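Undergrad: Fold the stuff below for me.
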Amino acid sequence: MRAHRRTLLLPLVLPVGAGLVLGLVSPSLALQMQPLSDAFIRLLGWLTYPLIFCMLAVSAAALGRDRELGRIGAYAITYFAVMSVLAMLVGLGLGWALEPGVGATFGFDAEATVASGSAAHAGVFDWLERLPSLQANNLFLLAAALPVGGILGRVPKSGLLAFAENCRARLFNAVKLVLMLAPLAAFGAMASAVGRYGLGSLWPLFKFIAAINFASMVFVLIVFGGAARLVGLPLLRFLAHVRAVLYLVFFTSSSLAGLAPLSEKLEDLGCPRAVTDIVLPFSYSLNLAGTYLYIALALVFLMQAAQVQPGWHELMLMLGLAFVSSKGAVGVAGSGIATLATTVALLRVVPPEMVTILFAIDRTMKCRLLTNVIGHGVACVVVAAWEGSLDRLAMSDEISKKY
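TA: Down below sits the predicted model:
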């Protein structure tokens, strides 16, 4: 099993190590590697958003004919709402308990940070910037796919439903092919991050990084662990089962990269495709526990750094706005801080420019993405168990394997 683990890790660890070395040895050249990561995420977007649309449309067509599938949707939305509220409350509580922003001083200029970020893309891979970006709000995908699926369900003999299902299968395979470029993306992301910020420039923000990682670990082990145990799933065994997906998301900084392989892992675990095709696309839009946790803790961090003492009314208003604005967040690094910046700019509890303090470490917020992906997987297992379609024999066989 150790050899198998090395097989999973080496294709990503070696490029990350090479990126780290390049960032330390030649920061100027390393900055030019950022387009490798950005182009990978853009290419994934071109395939993953249509894939989500097809999955939703096919599922909506089935929902219109099958009351059981309608029950799956109701279970999923209930579960998402509970987890979202819990994530906000845990982030808020741990933010006040850990006090990451108390006495914070920052040794870099925010405007310079933004400028360095915009200049990072100039270099030998400039041509990759010509690859257009497909920025699709997942809520718009939901709003468009559900009525389309309803129409397809009413005319099953037209062949359009079969066409949508065929598109889903082909896009699924295409995403798997694109994921072969993940090592290049991991190399570019690591090289540019180290070249831009260095290893020592992040010290003023290490307290916040430690706090958000600790909060994510607590949330995963206690909240997700509790939900998983309610349906008989040992969380640590589940994490071992999906570890390849987590490696991929960690090194590429994109939860979209985990959509297709996570779906396959869940089917191996006993979740029927009828459940994963409904729950996963909804989860990528409505079940972003890692993002909510990050936003709540970051708001507390910024208020502590600015020495602002808000009342509970203001705090609840902030969390409510962040909760709503993050519902359409894209599953890539940057969506969380974009939502945070929007929330701060609208409420002005702290100066909006303070958000730029967190720009320097946004690419290090892997815990946000990992928590989201773990949440997507646990949600599928819980919903499948609730509605009685989870193959417990398959789950038992899978999680009993030695990793």
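Undergrad: Quick check: which helices or strands does the helix or strand that contains E165 pack against?
TA: E165 belongs to helix 160-178 when assigned by DSSP states H and E. Packing partners of helix 160-178 (3 or more C-beta pairs under 8 Å, 6 or more residues apart in numbering; DSSP states H and E): helix 34-65, helix 138-154, helix 259-268. The C-beta positions use only the backbone N, C-alpha and C, and glycine is treated the same way.
Undergrad: what's the angle from the second one to helix 160-178?
TA: Think helix 138-154. 140 degrees (axes from the mean of the first three to the mean of the last three C-alpha atoms, to 10 degrees).
Undergrad: Could you tell me the model confidence score at P27?
TA: Per-residue pLDDT puts P27 at 83.
Undergrad: Give me the nearest residue to P50, chain neighbours excluded.
TA: L171 (5.7 Å; C-beta to C-beta, 6 or more residues apart in numbering).
Undergrad: can you tell me which residues contact the one you found?
TA: Listed by C-beta atoms under 8 Å, 6 or more residues apart in numbering, the contact set of L171 reads L47, P50, L51, C54.
Undergrad: now those residues as CSV including distance to G388?
TA: Converted to CSV, the contacts of L171 look like this (distance: C-beta to C-beta, whole Å):
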residue, distance to G388
L47, 33
P50, 32
L51, 27
C54, 26
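Undergrad: can those go into JSON lines with extra columns for pLDDT, neighbour count and distance to S389?
TA: Below are the contacts of L171 laid out as JSON lines (pLDDT from 0 to 100; neighbours: other C-beta atoms under 10 Å; distance: C-beta to C-beta, whole Å):
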{"residue": "L47", "pLDDT": "78", "neighbour count": "23", "distance to S389": "28"}
{"residue": "P50", "pLDDT": "82", "neighbour count": "19", "distance to S389": "27"}
{"residue": "L51", "pLDDT": "77", "neighbour count": "23", "distance to S389": "22"}
{"residue": "C54", "pLDDT": "80", "neighbour count": "25", "distance to S389": "22"}
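Undergrad: where exactly do the helices run in the stretch 101-250 of the chain?
TA: Ranges of helices within the stretch 101-250 of the chain are 110-119, 138-154, 160-178, 182-197, 206-218, 225-230, 235-241, 243-252, based on DSSP state H, counting those that start in this stretch.
Undergrad: Would you reformat those as JSON lines and include distance to L31 and mean pLDDT?
TA: Listed next are the helices of the stretch 101-250 of the chain as JSON lines, based on distance: least, C-beta to C-beta, whole Å; pLDDT from 0 to 100:
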{"stretch": "helix 110-119", "distance to L31": "7", "mean pLDDT": "43"}
{"stretch": "helix 138-154", "distance to L31": "31", "mean pLDDT": "72"}
{"stretch": "helix 160-178", "distance to L31": "24", "mean pLDDT": "81"}
{"stretch": "helix 182-197", "distance to L31": "5", "mean pLDDT": "75"}
{"stretch": "helix 206-218", "distance to L31": "22", "mean pLDDT": "92"}
{"stretch": "helix 225-230", "distance to L31": "40", "mean pLDDT": "95"}
{"stretch": "helix 235-241", "distance to L31": "34", "mean pLDDT": "94"}
{"stretch": "helix 243-252", "distance to L31": "19", "mean pLDDT": "89"}
